[in-house]
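Enquirer: Just the structure for this:
(2 chains)
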2 protein chains.
Amino acid sequence: METIAQQAQVITAQELLKHWMGHRDLTRKVIEAFPEKDFFNFSIGGMRTPAALISELLAIAGPGLRQIVEGGKDALNEKFEFNGSKARVLELWNQADKEVETLWSKISMERFHERIVTFGQYEGSIWSSIFYFIDNEIHHRAQLYVYLRALGIAPPPFWERDFGDK
Amino acid sequence: METIAQQAQVITAQELLKHWMGHRDLTRKVIEAFPEKDFFNFSIGGMRTPAALISELLAIAGPGLRQIVEGGKDALNEKFEFNGSKARVLELWNQADKEVETLWSKISMERFHERIVTFGQYEGSIWSSIFYFIDNEIHHRAQLYVYLRALGIAPPPFWERDFGDK
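Expert: Numbers count the residues shown, from 1 in each chain, chains lettered A, B, ... in the order given. Okay, the predicted model is just below:
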C-alpha cells in the first residue's frame, strides 16, 4: 500500500536504509564464503586482499555516517586489527550495521541535499555521499565475487537480498 | 542552491538519472579500456567474457526502462550481434544512453512506488527495479576491473564520474 509520503518520493530515507542493509547482509555472506587463509592472502593482478578491501568498507560506513550526523573531519582510517581472524572481521561488520542503523535515524529528511565534506576531503551532498558509500561497497564486493570464482567457490547470488522495497 | 522540491526528497528523479548516466559513462570507459581481443575472449574462474557481461547490461537498461514506461513482458534478451567489434558495442551503448534519457522523462514522479514486473518475472517497485539496473551495472563493471588488472591494465578510477549531485 502506497502512502502519501511515498508518492511524493523517488525513494524514502527508510527505504534507502533498508536497501543498504540488504547490500550489507550480502557483503557479510561474501566475507563468510572465503576460506580464512584466502581472506587474508588472496589477490588477483596485484589488487588488495579481501581483508584490505573490507577494511576500506569498514572505514567508510560507520565513520562516514558519523561525520554526516555529528560532524568531524578525520581522514579515512583503514587500519583494523583483525589478528588473522575472520570472526573478528564479522564482529566489526555487525557492529557497523548497528552503528549505521542508529546514526541513520538521526539524519533528518531536510538534510539529504545539504553539502558536506567527508573524511576531510570528499565534497558532495549528503545523499551523494551515502550513495558513494553504497556504490563503493557494491564495487569492491563484486571484485570479491571474482576472487571467489577464481578460488572455485560459488558466491552468494547477487539478487538474493532485501531490496528495501517492501 | 537547494530548491523546495529537493528539500522534501532524498534524491530527485533528475538527480537519479544524472547519477546513473555518470555510472554509464564510467562503464563506457571500462569497455574502451579493453583490448578488442580480450573483450571478446578473456575471463577468470569460468565467468562470462566482458562481451557477455556487457550484453546483459545492454539487455537490461533500455529494454527494462521501456517496459516501465510502455509496459510489455518480454523476457530478457541478451543476444546482440557485435561481430567481434568493440566499436559496435560502444555504438549500442551510446544508443542505450539516448534511450534511457528519453524514457526517463516519461516516468512521472508519482510512479516510483508503483509495483511492476519486468522481463515477465522480476517483481518490485519502479524505484527498486531501477536501483537493480544500476547496482547490477556497478556489480558487473567491478568484475571487469579485476579482468583489466589481471591483464595488467589500469582501469579508470571508480570515483571519477558525475555523481549527479550538482
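
Enquirer: okay, CA-based contacts and neighbour counts for the rest of this
Expert: Noted.

Enquirer: right, is the one helix or strand A:Ser55 maps to up against chain B?
Expert: Mapping A:Ser55 onto the secondary structure by DSSP states H and E places it in helix A:50-70. No - using C-alpha under 8 Å from any C-alpha of the partner chain, we find that helix A:50-70 stays clear of chain B, coming within 12.7 Å at best.

Enquirer: Format the CA atom coordinates belonging to that helix as PDB.
Expert: The C-alpha atoms that make up helix A:50-70 are tabulated as PDB, following Å, rounded to 0.1, in the frame of the first residue of the first chain:
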ATOM      1  CA  PRO A  50      39.700  -9.300   0.600                       C
ATOM      2  CA  ALA A  51      40.800  -8.200   4.200                       C
ATOM      3  CA  ALA A  52      42.100  -4.900   2.800                       C
ATOM      4  CA  LEU A  53      39.000  -4.300   0.700                       C
ATOM      5  CA  ILE A  54      36.700  -5.000   3.600                       C
ATOM      6  CA  SER A  55      38.800  -2.700   5.800                       C
ATOM      7  CA  GLU A  56      38.100   0.100   3.400                       C
ATOM      8  CA  LEU A  57      34.300  -0.600   3.600                       C
ATOM      9  CA  LEU A  58      34.500  -0.700   7.500                       C
ATOM     10  CA  ALA A  59      36.400   2.600   7.400                       C
ATOM     11  CA  ILE A  60      33.700   4.200   5.400                       C
ATOM     12  CA  ALA A  61      30.200   3.100   6.500                       C
ATOM     13  CA  GLY A  62      30.100   3.800  10.300                       C
ATOM     14  CA  PRO A  63      32.700   6.600  10.400                       C
ATOM     15  CA  GLY A  64      31.300   8.300   7.300                       C
ATOM     16  CA  LEU A  65      27.800   8.300   8.600                       C
ATOM     17  CA  ARG A  66      29.100   9.500  12.000                       C
ATOM     18  CA  GLN A  67      30.700  12.600  10.300                       C
ATOM     19  CA  ILE A  68      27.400  13.200   8.500                       C
ATOM     20  CA  VAL A  69      25.500  13.200  11.800                       C
ATOM     21  CA  GLU A  70      28.000  14.600  14.300                       C
END
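
Enquirer: How far does that helix sit from its chain's centre?
Expert: Centroid separation for helix A:50-70 versus its chain: 7 Å, with C-alpha atoms, centre = their mean, to the nearest Å.

Enquirer: now swap in stretch A:141-158 and tell me
Expert: Here the centre of stretch A:141-158 is set off from its chain's centre by 17 Å, with C-alpha atoms, centre = their mean.

Enquirer: do the same with stretch A:96-108
Expert: Taking the mean of its C-alpha atoms, stretch A:96-108 sits 13 Å from the chain's own mean (C-alpha atoms, centre = their mean).

Enquirer: Any buried residues in that stretch, and which?
Expert: Burial within stretch A:96-108, assessed by neighbour count using 16 or more other C-alpha atoms under 10 Å in any protein chain shown, is assigned to A:96-97, A:99-100, A:103-104, A:107.

Enquirer: Sticking with A:Glu123, tell me its helix or strand.
Expert: Taking DSSP H and E as the definition, A:Glu123 sits inside strand A:122-125.

Enquirer: How about that strand and chain B, any contact?
Expert: Yes - contact between strand A:122-125 and chain B, assessed by C-alpha under 8 Å from any C-alpha, occurs at A:124-125.

Enquirer: thinking again about what came up before, tell me which entries of the buried residues of stretch A:96-108 lie within helices.
Expert: Counted as lying in helices by DSSP state H, out of those, are A:96-97, A:99-100, A:103-104.

Enquirer: Just the mean pLDDT for the helix holding A:Ser55, thanks.
Expert: Per-residue pLDDT values over helix A:50-70 give a mean of 98.

Enquirer: now for it, which elements pack on it?
Expert: For helix A:50-70, the helices and strands in contact under the criterion 3 or more C-alpha pairs under 8 Å, 6 or more residues apart in numbering or on different chains; DSSP states H and E are helix A:36-41, helix A:86-104, strand A:115-118, helix A:126-150.
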